[in-house]
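Undergrad: I'll drop the sequence and a predicted model, then ask my questions.
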Amino acid sequence: MGVSSFGGFKPTARIYKLTLLMAALATLCFTMWLASSLLGVGYGHGMPFAGIFGGTREATLELGRMPPARVSFDPPAPGERVNGAIVVLVRNSELHGLRSSMRMFEDRFNRRYKYPYVLLNDEPFTEEFRDGIAAITTNEVRFGVLNSTMWGYSPGVTAAAAQAKLEENKGRYLYGGSLSYRFMCRFQSGMFFNHPLVRDLDWYWRLEPDVKYFCDIDYDPFVYMRDKGLKYGFTIAPRENGKTVETLWFHTREWIKANQQLLPDRSLANWVMGTDGHYNMCHFWSNFEIVDLSLYRSEAYASYFEHLDRTGGFFYERWGDAPVHSIAAALLLNKSQIHWFEDIGYEHPGNMHCPRDEAMHSRCICDADRSYTYRSACQSRFAKVSNMRRDRLLELIGQSEYEYTSLAASLAGAAPP
Ligand SMILES: Nc1nc2c(ncn2[C@@H]2O[C@H](COP(=O)(O)OP(=O)(O)OP(=O)(O)O)[C@@H](O)[C@H]2O)c(=O)[nH]1
Ligand SMILES: [Mg+2]
């Protein structure tokens, strides 16, 4: 039968085959081990043989020490991707929350589209943080620290003056007494787009810790926006707590009156201002925003931010970057440049959006009945309003002038706290 005999013992055909199979397996394993040692593969993400060869411990220790240059910041091939990144301001203590956000963001979108991440912090990132982030994505991550100009007081605002106002406001609203929240809002309003890791980008998509992405995003929203001439994209539009922005509209009006030449002929000013000439507290929730950064780098935006910054309102009140970005977008853009990403199911603690349209919802794992957006007055206002002419904007501001006279007088007479 062709089966060899080993000194008196006659193996059966089955034992012979088994021996051959084991020999083949051993050879295969040895070859793989040799390849992984020589080529340096087999550790880090998706290492297939680490467990077999006892490589798990070394691999875990090496995570995050791998060279980060897996996707470059080089301009993408024309038409393929935009020169954009996912930008996150985050604290070391928020590692878990950011890993959670990134896991979903990767699974829903970025695993395929491979945009780099820019992570910014007012303190140096710890090694634990870097390792934890590097382990959750194969895309490039750049870590940056803010200097004291970017993370600091507005011109003319002293630490003592800010502290006095924080004391006054601490029980009045969320983060009323938080100094770091003020630094954060000022940075997000007027600084982040000039950070060395962001200033060469044309587009950004903002991400935060502890947010959720519910729907597969099977196209590139950046490219969609670019191709349609869109400048600002949002998902949720709530109302701001008026106590946090008591004089924001007053100062905005002053800026409008003094800078009419910077305003376009038509804008969506209508969305943030009623026919009474006042701010209606509508804003795009900026924890999610996709923006053509030419908006924030424009002469008009720079002038608006500097004007606001000089008033001290980021510290004496609690102006959020959301109302600041939103008022600017509404004043400087028209409706065809602003887009509601209804198809992107999203949640930031407090509010969620889940598309109810059947075709959109089929790619989502959320409950559309829980969606805040379909109950939001600002959201339905966005759907209804159309562009407003600049002269109409100025007319409405002029008509409501007298209502601001006492505020103007009290602000003019107010010494810094
Ligand atoms: N590095 C750093 N990042 C901060 C600081 N404060 C806030 N951030 C980040 O700035 C973004 C906005 O801050 P949040 O605390 O989320 O503010 P919020 O979204 O208005 O409110 P909640 O999410 O309800 O707390 C998040 O990405 C935070 O991680 C800070 O002091 N240092
Ligand atoms: Mg947040």
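TA: Everything's here; your move. Numbers count the residues shown, from 1 in each chain. Ligands and ions are numbered 1, 2, ... in the order given.
Undergrad: what residues does the protein put near ligand 1?
TA: Proximity of the chain to ligand 1, by C-beta under 6 Å from any ligand atom, involves residues 88-91, 94, 121-122, 180, 184, 208-209, 287, 349. Heads up, the C-betas are built off the backbone N, CA and C, glycines and all.
Undergrad: quick check, stretch 94-103 touching ligand 2?
TA: No - using C-beta under 5 Å from the ion, stretch 94-103 never reaches ligand 2; the gap is at least 9.0 Å.
Undergrad: how far does that stretch sit from its chain's centre?
TA: On the basis of C-alpha atoms, centre = their mean, to the nearest Å, stretch 94-103 sits 13 Å off its chain's mean C-alpha point.
Undergrad: pLDDT score for the nearest residue to D220 once chain neighbours are set aside?
TA: Leaving aside its chain neighbours, D220 sits nearest to Y113 (5.5 Å; criterion: C-beta to C-beta, 6 or more residues apart in numbering). The confidence metric pLDDT takes the value 93 at Y113.
Undergrad: repeat for I217
TA: On pLDDT, I217 comes in at 96.
Undergrad: re the thing from before, narrow the residues of the chain next to ligand 1 to those in strands?
TA: V88, L89, N121 (DSSP state E).
Undergrad: quick check: bridge partners of the second one?
TA: Looking back up the chat, that one is L89. On the basis of DSSP bridges, L89 is bridged to L120.
Undergrad: repeat for Y232
TA: Counting by DSSP bridges, Y232 is bridged to V291, I338.
Undergrad: picking that back up, wait, which of the ones in strands among the residues of the chain next to ligand 1 is closest to A23?
TA: Checking these against A23 with C-beta to C-beta, the nearest one is V88 at 52.3 Å.
Undergrad: let me see the contact set for the residue of the stretch 301-417 of the chain found nearest ligand 2.
TA: Going by C-beta to the ion, ligand 2 is nearest to H348 of the stretch 301-417 of the chain, at 5.6 Å. Counting by C-beta atoms under 8 Å, 6 or more residues apart in numbering, H348 makes contact with E208, D210, V211, I236, W285, N287, F288.
Undergrad: ok, now which ones touch whichever residue of the stretch 251-400 of the chain sits closest to ligand 1?
TA: In the stretch 251-400 of the chain, the residue that lies nearest ligand 1 is N287 (5.0 Å; C-beta to the nearest ligand atom). Shown in contact with N287 (C-beta under 8 Å, 6+ apart): R206, E208, V211, A322, H348.
Undergrad: now it: how far from N110?
TA: Using C-beta to C-beta, to the nearest Å, N287 is found at 17 Å from N110.
Undergrad: now A159
TA: Applying C-beta to C-beta, the value for A159 to N110 is 40 Å.
Undergrad: between the two, which has more neighbouring residues?
TA: Using other C-beta atoms under 10 Å as the criterion, A159 and N110 rank with N110 on top: 22 against 11.
Undergrad: give me the three-state assignment for the residue nearest to the more buried one when sequence neighbours are not counted.
TA: The spatial neighbour of N110 that comes closest, neighbours along the chain excluded (C-beta to C-beta, 6+ apart), is N139 at 6.2 Å. Three-state call for N139 (DSSP: H, G, I helix; E, B strand; the rest coil): coil.
Undergrad: burial count for N139?
TA: Burial measure for N139: 19 neighbouring residues, criterion other C-beta under 10 Å.
Undergrad: that one and I86, how far apart?
TA: Noted for N139: a distance of 9 Å to I86, by C-beta to C-beta.
Undergrad: what of V157?
TA: As judged by C-beta to C-beta, V157 and I86 stand 31 Å apart.
Undergrad: next one: L25
TA: 44 Å.
Undergrad: give me the more crowded residue out of the two.
TA: I86 (24 against 10).
Undergrad: could you say which helix or strand holds the more buried one?
TA: strand 84-89 (DSSP states H and E).
Undergrad: would that strand count as contacting ligand 2?
TA: No - taking C-beta under 5 Å from the ion as the criterion, strand 84-89 and ligand 2 are apart, separated by no less than 9.8 Å.
Undergrad: V385 reaches A269, doesn't it?
TA: No - counting by C-beta atoms under 8 Å, V385 stays clear of A269, with 9.3 Å between them.
Undergrad: with neighbour numbers in mind, choose between these two.
TA: A269 (26 against 16).
Undergrad: and the pLDDT for that one?
TA: A269 carries a pLDDT value of 98.
Undergrad: can you pull the contacts of it?
TA: A269 makes contacts with A330, L331, M388, L393, as judged by C-beta under 8 Å, 6+ apart.
Undergrad: now it: how far from R389?
TA: Distance, A269 to R389, using C-beta to C-beta: 9 Å.
Undergrad: can you say which helix or strand has R182 in it?
TA: R182 belongs to helix 179-190 when assigned by DSSP H and E.
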